[in-house]
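Novice: predicted model follows, preceded by the sequence.
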Amino acid sequence: MKRVVVVGGGVSGLFSAYYLVQEGYQVTILDKTDVSSGASFINAGYITPSHFIPLAAPGIITQGLKWMLDSSSPFYIKPRWDIDFFKWTLLFKKSAKKSQVQKAIPIIKELNLKSRDLYEEMHSNANFQFQYERKGLLMAYRTEKSEEEELEVAEMAVKEGLDASVLSKEEVHKMQPVFSDDVIGAVHYKCDAHMTPNHFMEQMKTWLSSQGVVFEFNQTAEEFLVKDNKITAVKTKDAVFGADEFVLASGTWTSKLVRSLNLYVPVQGGKGYSMDVRRDTGITMPAILVDAKVAVTPMEGFTRFAGTMEFSGNNAIVRKERVEALATAVKRYYADFEINKEEKDKATSGLRPVSPDGLPYIGKTSKYGNLTIAAGHAMMGWSLGPITGKLVAEGITKTVPSVDLKPLSPERFR
């Protein structure tokens with residue numbers, strides 16, 4: 001039985017193991033934590049074919065510069081001296097062109113649709129039970145400027161064959177009565193779905209363990225051992241883990257880990273914040289509060305409020321001003337509802353691994369024939385979990401890939 005070591009126990013790592021174990025591989029997952037927290041646990045839980053426009057889009061640089069000195073803004077860049085971040089920013093700027101975005105749209109859409117189908121297939125197979133609801137997603141707005149922008153995106157979505165409809169103020173309030181009077185309309189993406197990520201991750205871990213997957217917790221990958229252009233093992237402080245194949249699903253730490261292999265895979269951590277309210281909110285529909293870039297999801301036993309994008313390095317610092325801004329946005333969008341101090345005090349953060357062009361890195365490297373990289377999914381990590389794992393398994397088993405991997409090459413910036 002061939003052995004695979006997966007470095008990283010987030011959603012991409014677990015889905016890689018999920019598909020590999022079904023192909024008969026013995027899988028070991030290494031993670032520097034106990035795999036009970038982080039972006040894969042605290043995200044909004046969206047499966048989003050509607051999110052077909054990459055983060056690196058025209059206008060985002062200008063907007064980012066305007067917000068850069070405001071640490072409570074939806075898109076915040078902390079000024080700092082960091083050569084890797086400067087290089088990443090230049091690549092991001094090059095990618096934020098209309099021509100590049102037009103190339104990325106069909107790729108992102110295909111990945112999301114195929115990933116959604118895999119979630120639904122997994123749900124029907126019932127290897128284990130998990131919440132999966134296809135209610136769609138509301139892009140709700142309070143200003144005419146946001147309305148104009150969202151209607152433009154909705155028109156593009158319909159042209160791409162996605163199920164989207166524009167709701168008037170009356171229609172959106174009928175669908176979600178708890179919205180405040182300030183909400184003037186929404187676009188309803190019926191193609192989207194949602195889940196409860198932290199519950200799913202625990203259920204997935206349990207199922208993988210039952211299938212023989214070995215979890216090595218609190219093991220930080222420090223070095224790869226190489227012989228004849230093949231990786232033979234990954235070394236941690238405490239042990240050496242040998243295998244036939246290696247999968248690097250290490251999120252925002254990917255760039256640092258591949259540096260010792262003379263590979264350049266630029267990734268920056270885009271921090272997001274999350275708060276769970278475990279009382280009745282009356283919220284029944286997933287929604288993105290467009291003007292504030294806040295995601296709201298009714299989950300199993302609680303409502304999650306998440307969002308913002310912060311580039312401030314790989315850290316878990318929770319900035320109170322950003323939590324407050326998120327809570328203020330929620331208060332403006334929902335009538336007679338407010339996130340209280342205790343709930344704000346429990347806010348957490350997670351790092352999304354962001355590539356410069358908004359496309360993930362999925363595939364093998366040419367320099368090392370037994371290394372596969374799965375990282376850089378930005379805000380779509382949860383949505384793209386299944387297709388990422390399937391593509392990883394297809395690459396290792398030498399099966400024809402479900403999508404064209406060339407645009408996703410880990411070596412496209414070398």
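Specialist: Now that the structure is in, tell me what you want to look at.
Novice: C-alpha only now, for contacts and for neighbours.
Specialist: Noted.
Novice: what about the closest residue to Ala287 other than its chain neighbours, how many residues nearby?
Specialist: Counting by Cα to Cα, 6 or more residues apart in numbering, Ala287 lies nearest to Leu138, which is 4.4 Å off, once chain neighbours are set aside. Applying other Cα atoms under 10 Å, we find 28 residues neighbouring Leu138.
Novice: and if you look at Ser383?
Specialist: The burial count for Ser383: 29, using other Cα under 10 Å.
Novice: what about stretch 297-306, start to end distance?
Specialist: Stretch 297-306 has an end-to-end distance of 8 Å (criterion: Cα to Cα, to the nearest Å).
Novice: quick one: buried residues of that stretch?
Specialist: Thr297, Pro298, Met299, Phe302, Thr303, Arg304, Phe305, Ala306 (16 or more other Cα atoms under 10 Å).
Novice: and the contacts of it?
Specialist: 42-45, 131, 194-196, 272-281, 283-287, 294-296, 326 (Cα atoms under 8 Å, 6 or more residues apart in numbering).
Novice: need the contact list for the nearest residue to Ala221 once chain neighbours are set aside.
Specialist: In this structure, Ala221 finds its nearest non-sequential neighbour in Thr236, 4.8 Å apart by Cα to Cα, 6+ apart. Residues near Thr236 by Cα under 8 Å, 6+ apart: Gln219, Thr220, Ala221, Glu222, Glu223.
Novice: and His377, by the same measure?
Specialist: His377 neighbours (Cα under 8 Å, 6+ apart): Arg352, Pro353, Val354, Ser355, Gly358, Leu359, Pro360, Tyr361, Leu384.
Novice: what do you get if the cut-off is 10 Å, keeping everything else the same?
Specialist: The contact partners of His377, by Cα atoms under 10 Å, 6 or more residues apart in numbering, come to 12, 251-252, 267, 352-355, 358-362, 383-385, 388.
Novice: filter these down to just the ones in strands.
Specialist: Mapping the contacts of His377 onto strands (DSSP state E) picks out Arg352, Pro353, Val354, Tyr361, Ile362.
Novice: hmm, back to that, return the per-residue confidence for the residue nearest to Ala221.
Specialist: According to the prediction, Thr236 has pLDDT 94.
Novice: tell me how many other residues surround Ala378.
Specialist: Ala378: 26 neighbours (other Cα under 10 Å).
Novice: do the same with Thr399
Specialist: 10.
Novice: same deal with the one 3 residues further on?
Specialist: Taking other Cα under 10 Å as the criterion, the count of residues near Ser402 is 13.
Novice: buried ones among the contacts of stretch 297-306?
Specialist: Looks like the contacts of stretch 297-306 have 42-45, 194-196, 272-277, 281, 283-287, 294-296, 326 buried, using 16+ other Cα under 10 Å.
Novice: which of these fall within helices?
Specialist: Applying DSSP state H to the buried ones among the contacts of stretch 297-306, the entries found in helices are Ile42, Leu326.
Novice: in strands only, show me the buried ones among the contacts of stretch 297-306.
Specialist: Filtering these for strands - DSSP E - leaves His194, Gly272, Tyr273, Ser274, Met275, Asp276, Val277, Ala287, Val294, Ala295, Val296.
Novice: pull the longest helix from the chain.
Specialist: helix 98-125.
Novice: buried sites along the next helix or strand after that helix?
Specialist: For helix 98-125, the succeeding helix or strand toward the C-terminus, using DSSP states H and E, is strand 137-141. For strand 137-141, burial by neighbour count (16+ other Cα under 10 Å) applies to Leu137, Leu138, Met139, Ala140, Tyr141.
Novice: going on from strand 137-141, what's the next piece of helix or strand?
Specialist: Later in the chain than strand 137-141, the nearest helix or strand by DSSP H and E is helix 144-159.
Novice: okay, now the sheet partners of the helix or strand following that next one, with direction.
Specialist: For helix 144-159, the following helix or strand on the C-terminal side (DSSP H and E) is strand 164-167. Here strand 164-167 is paired, per DSSP bridges, with strand 185-189 (antiparallel).
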